[in-house]
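Asks: Have a look; sequence and predicted model below, questions after that.
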Amino acid sequence: MDERQQALKKLSAERWKIAFILSSAMLIIYFGFILLIAFDKPLMGSLLLPGLSLGILLGALVIASAWILTLIYVRWANKVYDARIASLRK
């Protein structure tokens with residue numbers, strides 16, 4: 001196996017590692033939210049402000065975390081992955 005193929009395999013492994021970490025984080029956040037809904041409804045229904053319960057706030061944070069984790073991956077892909085792929089093509 002030549003050096004380019006080894007570098008490509010290493011880069012592919014790194015991409016899978018990043019994807020696994022970010023996907024795992026999203027699953028933990030999402031299922032943590034669902035488990036809170038299922039097992040601690042009084043906590044989720046507690047009001048923080050008039051018209052704003054903890055459940056609504058955490059639901060919005062789950063959605064925001066999906067966007068943030070996607071942004072992290074896109075920035076990594078643009079800065080690291082794409083640059084290394086371009087260098088391997090040369």
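Replies: Yes, it's here.

Asks: going forward, measure contacts and count neighbours with C-alpha atoms only.
Replies: OK.

Asks: OK, contacts around the residue lying closest to Tyr30 once chain neighbours are set aside?
Replies: Excluding the flanking residues, the one nearest Tyr30 by C-alpha to C-alpha, 6 or more residues apart in numbering is Val62, at 6.5 Å. If you count contacts by C-alpha atoms under 8 Å, 6 or more residues apart in numbering, Val62 has them with 29-30, 33.

Asks: what residues does the lowest-mean-pLDDT helix or strand in the chain touch?
Replies: Here the helix or strand of the chain ranked lowest by mean pLDDT, DSSP states H and E is helix 82-89, holding a mean of 90. Here helix 82-89 makes contact (C-alpha under 8 Å, 6+ apart) with 4, 7-8, 11.

Asks: Most neighbours among these, which one?
Replies: Highest neighbour count within the contacts of helix 82-89, by other C-alpha atoms under 10 Å: Leu11, with 16 neighbours.

Asks: Quick check: buried residues in the strand or helix carrying it?
Replies: Using DSSP states H and E, Leu11 sits within helix 3-39. By 16 or more other C-alpha atoms under 10 Å, the buried positions in helix 3-39 come out as 11, 15, 18, 22, 26, 29-30, 33, 36.
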